[in-house]
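1. Quick one: sequence and predicted model below, then my questions.
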Amino acid sequence: MQDNIETLKKLEDSDFHGFTELNLSCPNVVGKPQVAYDFELTEKILTEVFSFFTKPLGVKLPPYFDPAHFDQMATILNKFPLVFVNAINSVGNGLIIDPEKEQVVIKPKEGFGGIGGEYIKPTALANVHAFYQRLNPTIQIIGTGGIVSGQDAFEHILCGASMLQIGTQLYKEGPLVFDRVLSELEAIMNTKGYTNIEQFRGKLKTFGE
Ligand SMILES: Cc1cc2nc3c(=O)[nH]c(=O)nc-3n(C[C@H](O)[C@H](O)[C@H](O)COP(=O)(O)O)c2cc1C
């Protein structure tokens, strides 16, 4: 985290005026836990960052799996002038196994690694929607996780995402993925008569209580 603070200090002193994303959620650093699973440490770091950083800043979050954790993290994030939250980073420390070789498929951390792609879409959608319901409306949400098609993009926006990120499918398909997903999203919007994402963003329906 000290590296991140030093980098942010350099950015603050530079001519850079774009958006900066602070990664609180890398699951692949050997021997280091994910910062955003430690609520006290997260608040301490954000307090230090906002003591000097004045440019537009957002954070990348790991997935949470419990409403109490959504509540606790949102309460912390709402104390700071963040412009966005990116949910979610990989689902940490899964194992993919090759049954022929009876072996893990990647070398670092004895095969334990962050999981992305279609497996993680339900968890990603839950995190986007839970934070959409809890964060100050000034904090926009980047929906990330399991976006392969325009329908996945549509679902993320229904859950409240204002922007989207594609990781695994970009790795598999290359940069043409963006045009394909966009045209599939536009086709869904045309069928439904939407001309702007604000017409359905965050408007996920439930069955009521
Ligand atoms: C090859 C690869 C490298 C990644 N590296 C980073 C990284 O450096 N920082 C980060 O915040 N997330 C990283 N991620 C996680 C993605 O940004 C994304 O949060 C996650 O994979 C879920 O999205 P997806 O289902 O579209 O892959 C990486 C993902 C992949 C597949």
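-> Cool, the structure landed.

2. quick one: average pLDDT of stretch 50-69?
-> For stretch 50-69, mean pLDDT is 98.

3. in it, what's buried?
-> F53, L57, G58, V59, K60, L61, P62, P63, Y64 (16 or more other CB atoms under 10 Å). Every residue, glycine included, has its C-beta placed from N, CA and C.

4. so how far is stretch 79-86 from its chain's centroid?
-> Centre-to-centre, stretch 79-86 and its host chain are 12 Å apart (CA atoms, centre = their mean, to the nearest Å).

5. Tell me the helices and strands packed up against the longest helix along the chain.
-> When the chain is scanned for its longest helix (criterion: DSSP state H), the result is helix 177-192. Using 3 or more CB pairs under 8 Å, 6 or more residues apart in numbering; DSSP states H and E as the contact test, the elements touching helix 177-192 are helix 150-158, helix 168-173.

6. Tell me if I'm right that Q169 and V148 touch.
-> Yes: the criterion here is CB atoms under 8 Å, and Q169 meets it with V148 at 4.9 Å.

7. TSV for the helices and strands packed on helix 177-192, including mean pLDDT, distance to P33 and mean neighbour count?
-> Shown next, in TSV, are the helices and strands packed on helix 177-192 (pLDDT from 0 to 100; distance: least, CB to CB, whole Å; neighbours: other CB atoms under 10 Å):
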stretch	mean pLDDT	distance to P33	mean neighbour count
helix 150-158	99	27	22
helix 168-173	98	23	15
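
8. wait, which of those helices is closest to the ligand?
-> helix 168-173 (3.3 Å; CB to the nearest ligand atom).

9. How far away from the center of its chain is the closest one?
-> The answer for helix 168-173 is 16 Å, by CA atoms, centre = their mean.

10. Report whether it contacts the ligand.
-> Yes: judged by CB under 6 Å from any ligand atom, helix 168-173 and the ligand are in contact via T168, Q169, Y171.

11. who touches that helix?
-> G116, G117, I147, V148, V177, F178, R180, V181 (CB atoms under 8 Å, 6 or more residues apart in numbering).

12. Can you tell me the closest non-neighbouring residue to the second one?
-> Using CB to CB, 6 or more residues apart in numbering and skipping residues adjacent in sequence, the residue nearest G117 is T168, 3.8 Å away.

13. Good, wrapping up.
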